[in-house]
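> I'll drop the sequence and a predicted model, then ask my questions.
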Amino acid sequence: MKLVIGLDGQSSGEKALEFATQLAANMETCELIVVYVIEWSPFSFQTAEENAQRHKRREEEISIATDRVLTPAIDTLTKAGLTARAIVRHGDVADTIDAIAHKEGASQIIIARSSAGGFSKRIFGSSTANLVMNARVPVTVVV
Amino acid sequence: MSNIYRVFFTVAAFFAAAIPAAAQEAAQEVVLTMDEKVNAAFSSATGWFVNGIFMSIPGTNFPWIVMWLVIGATVFTIYFAAVQFRFFGHAIALVKGDYSDPDDAGEVSHFQALATALSGTVGLGNIAGVAVAVGIGGPGATFWMILAGLLGMASKFTECTLGVKYRNEYPDGSVSGGPMYYIAKGFNELGLPGGKILAVVFSIFCILGALGGGNMFQANQAHAQITQITGDFPGWITGIIFATIVFAVIVGGIKSIAKVTEKIVPLMGILYVGAALIVLIVNYNLIGWAFGQIFAGAFTGLGVAGGMVGALIQGFKRAAFSNEAGVGSAAIAHSAVKTKEPITEGFVSLLEPLIDTVVVCTMTALVIVISQQLIIDPNTGNYVLNEAGTAIATVGDTSGVALTSAAFGSAISWFPYVLAIAVILFAFSTMISWSYYGLKAWTYLFGEGKTKELIFKIIFCIFIVIGAAASLGPVIDFSDAAIFAMAVVNIFCLYFLMKIVRRELVSYSARLKSGEIQKFTH
């Protein structure tokens, strides 16, 4: 059985991690896939100079996400005796988590309740809400 | 960083201080003299270069450079068997991201590379340049402009494929590419001599083009547009303001200004085309007549200076200046894309002349024709020439950006204000793009390094002031000449390198057909 855990680097992500740990502990075999999505759109506008630096920036963003969010999460899970691996990817948060869960054949997605609020949430909706509405795999939202 | 600002402001202050110091009493008079001085010095310094580039083919009044560009575009169109039409649908699919590997997400996308290259080309050429073309060559120039735009798609395809294939990738992950790289490396690969020298010559012209069309022309027309609204004031003032903002972005690293512009410019582009459509809808009963004028003018000239050939030259010239196909600038912008297949970037880039010339330029031309700003003799049906006999007489005696502005204003009274803002933003974004192209050529010649880059950036900013102060004639001539000089070297080299592109094209289409290259399901 595979579980996908979506982290956003906020403290609320810890709760999702805790919940997944408990859930996995009750199962005989369970693989945890921890996902961190760096918000990015292929349809944004950039200057020529930004384009030339893009590959470098991407590597930096991936290494920061890995060091700060994913490695500590994987360490915690491994210490608890669970099998876990990490995926970091650029893209739309909801679409990317769903795509990974679908591709990996995961039976469930676990994410924390959206920490974004206020104005941007009213305009764009939260990634969590988008995921719940559009995911092809059952989603558990940890409060 | 404060040192850098000090250097710049010292230079800027020199320009500003030169005037009041010279005469304290008659400031207005001296200001005019300053503009005139810049103008005279400029035309005498660049005259020989301009004349060489625009020399007519002996026995005709057809500039050889225009022929050069069109023959180049035609050769590429034939050599790649009309690649611009065969792979048009595929180009759209690539831009949509259908063939993008999700594992590569976060790299520069095809869309981003296209948008960046477009923001360097969509600009004054589409607004002021087209008005110049239609003003001199009549509506018929539009027909030749569209034809040149369609053919130019093949030139763009060739150069952008090579741009990605032969770019330099540095250990820190950043990239540099463009004609200077593909000329040097490609010639080397084919065992041809002289690649390095040609790359150096291209780089020199690229720096001149960056300072001319990518800078002075933009500053000049932005100033013209501002004075339309505020009333006349000396050009160097606009120049210093622009130079300061550009300096803040390219040297001070104030990315927020560039970021905001890059977001507003596409919106302005859409707004511009939208407004043009409104003008066309308002005058829907004249659309048929306008196309009639375009076709009739294309083959008869309808009385314009130079007749049919005059229309053809103006159309070809403005198309080349606007979409820069064959010039090599887009190859610099496109080379940043991370792709396993360099040719995919070529496919994407062929959309540029289509959007820039066939869509946006044609809109401008249609609006000018349909709004009847060009005066027609009711007896003969031909266009009336102005007193000097150099261009068509217009309502209110306007030319360049003012003509476009008047054309839009005749249907949408408040649009000239929006256009003024659009022109200023387009000018600004084009300057930022060209500062990058020029810089890449500069670092190719002198090597990468903070001080070396700073020197170029300061020179670039000084030329903004000169461009805003000089009058349109000499500036537009030099801008065209410098940009076309890039095309002389670039197209010459593309003839040798095009077989490399064909190899890529044959291999790619075979794999596309066999299903080896597939769409990704996201």
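Right, received. Where do you want to start?
> mind listing residues that contact the one helix or strand residue B:219 maps to?
Applying DSSP states H and E as the criterion places residue B:219 in helix B:217-230. Contact with helix B:217-230 is made by B:123-124, B:128, B:233, B:235, B:238-239, B:242, B:400-402, B:405, B:416-417, B:419-420, B:423-424, B:426-428, B:430-431, B:434, B:463-465, B:467-468, B:470, B:472, B:475-476, B:479, as judged by CB atoms under 8 Å, 6 or more residues apart in numbering or on different chains. Glycine gets a C-beta too; all of them are placed from N, C-alpha and C.
> buried subset of those residues, written for ChimeraX?
The buried subset of the contacts of helix B:217-230, as determined by 16 or more other CB atoms under 10 Å in any protein chain shown, is captured in ChimeraX by this line:
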select /B:123,124,128,235,238,239,242,400,401,402,405,416,419,420,423,424,426,427,428,430,431,434,463,464,465,467,468,470,472,475,476,479
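> which SS state does residue A:88 fall under?
strand (DSSP: H, G, I helix; E, B strand; the rest coil).
> that one and residue A:77, how far apart?
16 Å (CB to CB, to the nearest Å).
> again with residue B:108
Distance of residue B:108 to residue A:77, computed by CB to CB: 34 Å.
> show me where pLDDT drops low in chain A?
Residues of chain A meeting the criterion pLDDT under 70: A:9, A:11-12, A:114-125.
> now do the strand or helix carrying residue B:505: which elements does it pack against?
Using DSSP H and E, residue B:505 falls within helix B:472-514. For helix B:472-514, the elements it packs on are helix B:27-53, helix B:64-79, helix B:140-165, helix B:179-190, helix B:195-211, helix B:217-230, helix B:307-323, helix B:342-349, judged by 3 or more CB pairs under 8 Å, 6 or more residues apart in numbering or on different chains; DSSP states H and E.
> for that helix, the distance to its chain's centre please.
Centroid separation between helix B:472-514 and its chain, computed with CA atoms, centre = their mean, to the nearest Å, is 15 Å.
> for it, what is the average pLDDT?
Helix B:472-514 shows an average pLDDT of 88 in the prediction.
> quick check: residues of chain A near chain B?
A:38, A:40, A:42-56, A:58-59, A:61-62, A:89-91, A:95-96, A:99 (CB under 8 Å from any CB of the partner chain).
> taking those one by one, which sit in helices?
Within those, residues falling in helices by DSSP state H are A:48-56, A:58-59, A:61-62, A:95-96, A:99.
> quick one, which of these are buried?
A:48-55, A:58, A:62, A:95-96, A:99.
> any chance of those in CSV, plus distance to residue B:212?
Shown next, in CSV, are these (distance: CB to CB, whole Å):
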residue, distance to residue B:212
A:48, 18
A:49, 21
A:50, 25
A:51, 24
A:52, 23
A:53, 27
A:54, 29
A:55, 31
A:58, 35
A:62, 41
A:95, 45
A:96, 45
A:99, 47
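> ok, those residues vs residue B:248, which is closest?
residue A:49 (14.2 Å; CB to CB).
> distance between the ends of stretch B:90-108?
Stretch B:90-108 has an end-to-end distance of 19 Å (CA to CA, to the nearest Å).
> which residues sit against that stretch?
So stretch B:90-108 is contacted by A:38, A:40, A:42, A:46, A:51, A:54-55, A:58, A:61-62, A:89-91, A:96, A:99, B:109-111, B:114, B:336-338, B:344, B:347-348, B:350-351, B:512, B:517-520, B:522 (CB under 8 Å, 6+ apart).
> could I get the buried residue list for it?
B:90-91, B:94-95, B:97, B:99-100, B:102, B:104-108.
> so who does the residue at the greatest distance from the centre of chain A touch?
Note on chain A: the largest C-alpha distance from the chain mean falls to residue A:48, namely 29.9 Å (CA atoms, centre = their mean). Under the criterion of CB under 8 Å, 6+ apart, the neighbours of residue A:48 are B:116, B:120, B:332-333, B:336, B:432-433, B:436-437.
> do that again at 7 Å, thanks
B:116, B:333, B:336, B:433, B:436 (CB atoms under 7 Å, 6 or more residues apart in numbering or on different chains).
> off-centre distance for stretch B:316-323?
In terms of CA atoms, centre = their mean, the gap separating the centre of stretch B:316-323 from the centre of its chain is 8 Å.
> and residue A:32, which of the three is it?
Under three-state DSSP, residue A:32 falls in the strand class.
> ok, and what's touching stretch B:291-300?
By CB under 7 Å, 6+ apart, the list of residues contacting stretch B:291-300 reads B:138-140, B:142-144, B:302, B:308, B:311, B:369.
> what stretches of the stretch 251-400 of chain B score poorly on pLDDT?
B:253-255, B:258, B:303.
> that one: helices as residue ranges?
B:255-282, B:287-300, B:307-323, B:329-334, B:342-349, B:351-353, B:362-370 (DSSP state H, counting those that start in this stretch).
> how much space separates the nearest residue to residue A:6 once chain neighbours are set aside from residue B:370?
Using CB to CB, 6 or more residues apart in numbering or on different chains and skipping the chain neighbours, the partner closest in space to residue A:6 is residue A:111 (4.0 Å). As judged by CB to CB, residue A:111 and residue B:370 stand 55 Å apart.
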